[in-house]
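quick one, structure for this:
(one chain, ligands or ions: 1)
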Amino acid sequence: MLAFPTRTLKAVALTLGLALPAMSSMAVEWRGWNIHVQDYPVSIAMDSFIRDVAEKTGGKVSGKVFHNGVLGNQPDAIEQVRLGVINFGEFSLGPMGQSVPEANVVSLPFIFKSIPQMYRLMDGEVGEAIGKGMMARGLVPVGWYDAGARSFYNAIKPINTPDDLRGMKVRVMNNDLFVSMIASMGGNATPMALAEVFQSIKNRVVDGAENNPPAYESTNHYEVAKFYSLTEHLIIPECLCVSKASWDKLTPDQQAIVKAAGKRSADLQRKLWAEREKASMEKVKAAGVKVNTVADKKPFQDAMKPVYDKFLAANPGLAGLVNMMRKAN
Ligand code: BDP
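Numbers count the residues shown, from 1 in each chain. Modelled structure (predicted):
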């Protein structure tokens with residue numbers, strides 16, 4: 001058999017208008033989606049991931065992460081990665097629930113009992129079940145990142161009981177579960193892209209939102225919503241995901257490299273996250289934010305019953321997983 005260099009084959013194929021099968025010897029350049037600012041734990045870990053991949057594949061798979069959401073909002077970006085238009089991204093499992101039903105189990109309020117428990121379950125059975133759901137819908141999870149716990153902030157008053165949210169307009173991420181979560185406490189939820197939240201609070205289109213300390217701080221929302229109430233109602237992990245379309249074009253060796261780099265980047269992200277959480281809390285307090293802890297979370301947990309009932313009625317196939325998570329220590 002005659003051996004032609006890949007370049008020649010490619011040129012011939014192009015001239016003849018033929019499609020070439022994916023060739024592992026061809027170098028690819030990936031684009032990565034990220035919503036966060038450049039010095040955010042997620043951003044640093046993603047940059048390190050793609051550098052690591054480039055180095056270990058000898059430059060065959062390299063790329064660049066586009067920070068600050070410049071490649072579009074999160075719900076759109078999830079679809080773009082599913083389609084392979086964008087090669088990888090770091091997503092909250094919150095908005096991902098709209099395309100991957102299994103991911104919704106972590107968007108049930110108070111489902112995890114603590115961050116260490118979330119790690120344990122995500123690194124085990126729960127992560128596996130969600131990962132399978134993602135794979136079936138075009139996303140390959142290569143690392144579970146930490147996003148701490150989300151709490152309410154607003155421009156009006158501290159939240160101490162579910163009733164304090166009555167009548168309040170609260171921005172939520174794009175997922176029906178969060179709309180019913182706010183409704184169950186008598187508030188009005190507005191799903192909205194993160195990029196619009198600052199102006200919307202400033203102009204009082206909404207009264208507040210909810211997020212973890214680093215997101216509250218890095219988006220400057222603390223400048224316009226000065227009450228931060230530590231309800232910690234949602235612990236939603238995040239995922240570094242590769243598009244299955246891009247993944248399928250890699251050799252098994254390259255796939256192993258990408259997986260290992262994803263795992264290393266998650267270890268780095270989790271370490272950076274813990275540090276940033278502390279720094280963000282200090283920064284917002286120094287800026288005059290009134291932080292209150294919520295001594296009794298039970299009334300909030302009790303208020304979530306309709307959210308669970310509705311979810312389980314609509315997703316009977318996920319009841320086993322949800323029950324397992326609720327019983328887990
Ligand atoms: C942050 C997540 C980010 C979400 C954002 C939001 O890291 O992925 O887009 O919350 O509330 O904590 O939209």
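
just the terminal-to-terminal distance for stretch 188-195.
20 Å (C-alpha to C-alpha, to the nearest Å).

for stretch 106-119, C-alpha coordinates in PDB please.
The C-alpha coordinates for stretch 106-119 follow below in PDB (Å, rounded to 0.1, in the frame of the first residue of the first chain):
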ATOM      1  CA  VAL A 106     -28.900  18.200  42.500                       C
ATOM      2  CA  SER A 107     -31.100  21.200  42.000                       C
ATOM      3  CA  LEU A 108     -33.600  19.900  44.600                       C
ATOM      4  CA  PRO A 109     -33.200  22.400  47.500                       C
ATOM      5  CA  PHE A 110     -31.400  20.900  50.600                       C
ATOM      6  CA  ILE A 111     -30.800  17.600  48.800                       C
ATOM      7  CA  PHE A 112     -27.100  17.500  50.000                       C
ATOM      8  CA  LYS A 113     -26.500  17.800  53.700                       C
ATOM      9  CA  SER A 114     -23.000  19.400  53.300                       C
ATOM     10  CA  ILE A 115     -20.300  20.100  50.900                       C
ATOM     11  CA  PRO A 116     -18.200  17.100  51.900                       C
ATOM     12  CA  GLN A 117     -21.300  14.900  51.400                       C
ATOM     13  CA  MET A 118     -21.800  16.500  48.000                       C
ATOM     14  CA  TYR A 119     -18.200  15.600  47.000                       C
END
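
so which residues of the stretch 101-250 of the chain form strands?
For the stretch 101-250 of the chain, the strands defined by DSSP state E, counting those that start in this stretch cover 139-145, 150-154, 169-172, 188-191, 208-211, 227-234, 238-243.

do you know which of the ones you listed lies nearest the ligand?
The ligand sits nearest to strand 208-211 of all the strands of the stretch 101-250 of the chain, at 5.0 Å, using C-beta to the nearest ligand atom. To be clear about C-beta, it is placed using only N, CA and C from the backbone, and glycine gets the same treatment.

now the closest one, how far from the centre of its chain.
Its chain's C-alpha centre and that of strand 208-211 lie 16 Å apart, by C-alpha atoms, centre = their mean, to the nearest Å.

and stretch 148-168, by the same measure?
Using C-alpha atoms, centre = their mean, the offset of stretch 148-168 from its chain centre is 22 Å.

and stretch 129-140, by the same measure?
Distance of stretch 129-140 from the chain centroid (C-alpha atoms, centre = their mean) equals 14 Å.

what comes up buried for it?
By neighbour count with 16 or more other C-beta atoms under 10 Å, stretch 129-140 contains the buried residues 129-131, 133-134, 137-140.
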